[in-house]
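Asks: The following block contains a protein sequence and its predicted model.
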Amino acid sequence: MTTRKQKRPAGSPQAFAEAAECLRILAHPVRLRMVQLLLHGRYTVGELAEDAGVADNVASEHLRLMQRCGFFTSERQGRRVYYEVAEPHLAQIMGCVESRFLAGR
């Protein structure tokens, strides 16, 4: 009997640790809502904070954490700072979340 070796998928403990940290950061209701909004356009901290029902400084902290994972970029225009999605895979992640938890509600 011959045993065929299966090719193992790529991945290192360090890569999975980084992925787990970014997924942990993403796993928050306010942050998920911010991702959802930013997938549809650019928003300021104030606009995101108002929609999420949190203070501006709280929204800023959420955005800072997600920027650290490379999810968003920011651009200053005058006195306002606009955020937008930098990580295209967020659309797929949000698609999974929406189809599993928001469909039909």
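Replies: Cool, got the structure.

Asks: Show me the helices in this protein, by range?
Replies: Per DSSP state H, the chain carries helices over the ranges 13-26, 29-38, 45-52, 56-68, 90-97.

Asks: Count the neighbours of the nearest residue to Asp56 once chain neighbours are set aside for me.
Replies: Closest residue to Asp56 apart from its sequence neighbours, by C-beta to C-beta, 6 or more residues apart in numbering: Ala49 at 4.7 Å. Heads up, the C-betas are built off the backbone N, CA and C, glycines and all. When neighbours are counted by other C-beta atoms under 10 Å, Ala49 registers 21.

Asks: same question, the one 3 residues further on
Replies: Other residues near Ala52 come to 18 when the count uses other C-beta under 10 Å.

Asks: ok, it to Pro29 distance?
Replies: 8 Å (C-beta to C-beta, to the nearest Å).

Asks: do Leu38 as well
Replies: 15 Å.

Asks: Likewise for Ser99?
Replies: Distance from Ser99 to Pro29, by C-beta to C-beta: 17 Å.

Asks: what does Val54 give?
Replies: Separation of Val54 from Pro29 (C-beta to C-beta): 10 Å.

Asks: Counting neighbours, go ahead and name the busier of the two.
Replies: Comparing Val54 with Pro29 by neighbour count (other C-beta under 10 Å), the higher total belongs to Val54, at 17 against 8.

Asks: got the contact list for the closest residue in space to the more buried one that isn't next to it in sequence?
Replies: Distances taken as C-beta to C-beta, 6+ apart put Val30 closest to Val54, at 5.9 Å, once the chain neighbours are dropped. If a contact means C-beta atoms under 8 Å, 6 or more residues apart in numbering, then Val30 has 52, 54, 58-59, 62 as its contacts.
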